[in-house]
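# Take this sequence and fold it.
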Amino acid sequence: MATFVSDIIKVGASKLVVILSSLISSVITARFIGPEGNGLIASLVVYPSLFLTIGSLGIRQATTFFLGREIFSESQIKTAITQVWILTTTLSMVVCFFLIRYFSNVGDNIWLVFIALMPMPFGLYITYNSGIFLGKNDIGSYNKINWIPSVVITTLMVFFLIGLRKGVEGALWAAVGGPLSMFIILIFRNDFLSHLSLRFNWIIIKRMLNLGLVYATGLFVINLNYRIDVILLDILSTSHELGIYSKGAGITQYLWHIPMLLSTVVFARSVASKDKKQFSIKVAQLMRVSFVLISLASIVLFLCSEFLILTMYGIEFNGSILVLNLLLPGVLILTIFKVMNMDLAGKGRPWASLKAMIPALFINIILNIFLIPNYGAKGAAISSTFSYTFGGLTFMFVYCKETGMLLKDLWRFQKADFHFLFNRFK
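Residues are numbered from 1 along each chain as shown. As a prediction, the model looks like this:
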């Protein structure tokens, strides 16, 4: 079995490609579309990105759980998820179109709405099937699912925005190309076509949905907390303010690639782990390491925020500097949640996250409603930081209760916290 550290290195290489690709895409959209254009894109894609979480129904996590525990065969799972995908894609696109059309300030342009919805079926298919690779601990294949679409999107951004000067429409078409390319690869690579069937195994589908919906509910609340500021900025402010916010918030989210890197491997290993208590102790080590790394990265980002924003995006995005700096404390605290939630999810207890994230979401909504009308992007950043801080700290207590770990043990830094990175996770 591959070592834990080896898996982290593989995922890390993939994350690096994703980060570089998305950074290049972000710079291109800033330079060639400007704040208002970026705000328009953020408004158009916020519901589709949110519905990739809702529409996924937690199938990826349920697939990983059932395959990792060898409850169902790979063939049975492939057939079931293909059947669920057809239904959820149709339903998600219809509901998402309705939300953009009638609850967004950009819904009048039907053509742009149509293009914004196009990645959804491909993205859902990729999400569903990625759980198969995690369940088999095939981290290498899982990584390709992540970085190939990012590289394709960046390449198409260069073609449409720099080459053809297609503006917002070009950026949206580029976002279609990434998941479409991976969809085509998956269809033929893993012989998914042979699993298309009208024979429904309702026992498997029901069990996957029963567990998956619990994962999906938790993921929906978590992702809504990340995106509610964009939704409310679209309703209560201007495209310019939304564009300013999207660039500042986008940079802070790169910090989360560190805990996300660890969380992917943690989830896959937690599912298959025999000694749950010991594994949670090791996850606590991961959290402490992540917290230290993101603290250092946050300090560097704060000191370099003006240079980074103006160099990458230009003077038009000067307001994004303060947005970035206001978000950093919340992003740091939420690291606690980012790492440790995947351990509980891997143990089949994804509902635990709701105890922290539902109150955090309400805090975010209430503060945004009060602050955005007067402070725009800055108000959204303040709201998110309060919400993230509350969610991260509350989940820390939830995790200790669920695992039986003492709070003082969770934060007991040791030299071994960093030594373990070079040893095997048995």
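# Count the residues that sit near the closest residue in space to Leu161 that isn't next to it in sequence.
Distances taken as CB to CB, 6 or more residues apart in numbering place Phe32 nearest to Leu161, at 4.5 Å, with adjacent residues excluded. C-beta coordinates here come from the backbone N, C-alpha and C atoms, glycine included. Look at Phe32: counted by other CB atoms under 10 Å, it has 18 neighbours.
# After the helix or strand hosting Phe32, which helix or strand is next? Please name it.
Secondary structure assigned from DSSP states H and E places Phe32 in helix 4-56. Next helix or strand after helix 4-56 toward the C-terminus (DSSP H and E): helix 59-68.
# Could you check how far Lys166 is from Phe66?
For Lys166, the distance to Phe66 equals 43 Å [CB to CB, to the nearest Å].
# for Met312, same thing?
Distance from Met312 to Phe66, by CB to CB: 43 Å.
# Compare those two (neighbour count), which wins?
The neighbour comparison of Met312 against Phe66 (other CB under 10 Å) goes to Phe66, with 24 against 17.
# For the more buried one, give me the pLDDT.
Listed pLDDT for Phe66 reads 76.
# Need the nearest residue in space to it, chain neighbours excluded.
In space, Phe66 is closest to Phe72, 5.0 Å off (CB to CB, 6+ apart).
# name the element the one you found belongs to?
Phe72 belongs to no helix or strand, assigned by DSSP H and E.
# can you check the one 5 residues further on too?
Counting by DSSP H and E, the element that carries Ile77 is helix 74-103.
# got it, and Asn225?
helix 202-236.
# Any idea how far that helix is from the middle of the chain?
11 Å (CA atoms, centre = their mean, to the nearest Å).
# And the average pLDDT for it is what?
On average, helix 202-236 scores 82.
# Can you check what angle separates that helix from helix 74-103?
If you take axes from the mean of the first three to the mean of the last three CA atoms, to 10 degrees, helix 202-236 sits at 30 degrees to helix 74-103.
# ok, back up a step: quick one, what contacts the residue nearest to Phe66?
Taking CB atoms under 8 Å, 6 or more residues apart in numbering as the contact definition, Phe72 lies against Phe66, Ala80, Ile204.
# in the host helix or strand of Ser181, what counts as buried?
Secondary structure assignment for Ser181, by DSSP H and E: helix 167-189. Neighbour counts over helix 167-189 (16 or more other CB atoms under 10 Å) mark 167-168, 170-183, 186 as buried.
# Can you list the neighbours in contact with that helix?
So helix 167-189 is in contact with 25, 29, 32-33, 37, 40-41, 44-45, 111-112, 115-116, 118-119, 121-123, 125-126, 129, 145, 148-150, 152-154, 156-157, 159-161, 164, 166, 192-193, going by CB under 8 Å, 6+ apart.
# Off-centre distance for that helix?
On CA atoms, centre = their mean, the centre of helix 167-189 falls 18 Å from the chain's centre.
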